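Trainee: Sequence first, predicted coordinates after that:
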Amino acid sequence: MFPFRPWVRRAGLSITVVAAFASAAIVLMLTFSPSARYGWIREPFAWIYLGVLWLGGLRIVLGTMRPMAVVGDDSIIIRPLHQLIVRNIAWNAIRGTDVSGDRLIIWFDTPRGMRFVAVNLNLIKGRREFLALLESRLKRV
């Protein structure tokens, strides 16, 4: 199992805290100054921005509760934060990999054709061990 690095969850928590402070500020302004509802608080952009902060922060916090990658005997499970889909890829379905800088791309076959998943290697705790294990497993297949 390869968890996320600790700073990833802290970043999600800080985004969530900012969203909570902004929400509290809006509620306080609306409570103590009813005329504030005619200003910027009424703009849809403010509400959309606040919603994106909440969703993004909670997505990161909740997404980092589980490991980013789980390497098993018959498959590898990848949970990238930028996608909602968890990828469970059988070793014999992998057709290729590409490491460029801090990004790993894994191409694999599915019933609908070839797909790929991108992994940000900077987010994985034990990056070097993960890549070494991935390479050794792919050599076996």
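Mentor: Perfect, thanks for sending it. Numbers count the residues shown, from 1 in each chain.
Trainee: hey, let's count contacts and neighbours off CA atoms from now on
Mentor: Will do.
Trainee: Please state the offset of the helix or strand where Leu55 lies from the chain centre?
Mentor: Per DSSP states H and E, Leu55 falls inside helix 44-63. Here helix 44-63 is found 13 Å from its chain centre; the criterion is C-alpha atoms, centre = their mean, to the nearest Å.
Trainee: The helix or strand that it is followed by - contacts with which helices or strands?
Mentor: Using DSSP H and E, the helix or strand that follows helix 44-63 in sequence is strand 69-71. Counting by 3 or more C-alpha pairs under 8 Å, 6 or more residues apart in numbering; DSSP states H and E, the packing neighbours recorded for strand 69-71 are strand 75-78.
Trainee: gap between the strand it packs on and the chain center?
Mentor: 16 Å.
Trainee: among the helices and strands of the protein, which has the poorest mean pLDDT?
Mentor: The weakest-scoring helix or strand in the chain, judged by mean pLDDT, DSSP states H and E, is helix 127-140 (a mean of 86).
Trainee: Contacts for the helix holding Leu55, please.
Mentor: 8-16, 18-20, 22-23, 40-41, 81 (C-alpha atoms under 8 Å, 6 or more residues apart in numbering).
Trainee: Go again with 10 Å.
Mentor: Counting contacts by C-alpha atoms under 10 Å, 6 or more residues apart in numbering, the residues outside helix 44-63 that touch it are 4, 8-20, 22-23, 26, 40-41, 64, 79-84.
Trainee: Gly39 versus Leu55, what's the distance?
Mentor: Applying C-alpha to C-alpha, to the nearest Å, the value for Leu55 to Gly39 is 24 Å.
Trainee: and the helix holding Leu55, which residues are buried?
Mentor: Buried residues in helix 44-63, counted by 16 or more other C-alpha atoms under 10 Å: 50, 53-54, 56-61, 63.
Trainee: can you pull the contacts of the residue of the chain most remote from its centre?
Mentor: Relative to the centre of the chain, the most outlying C-alpha is that of Ser35, 39.3 Å out, by C-alpha atoms, centre = their mean. Listed by C-alpha under 10 Å, 6+ apart, the contact set of Ser35 reads Met29.
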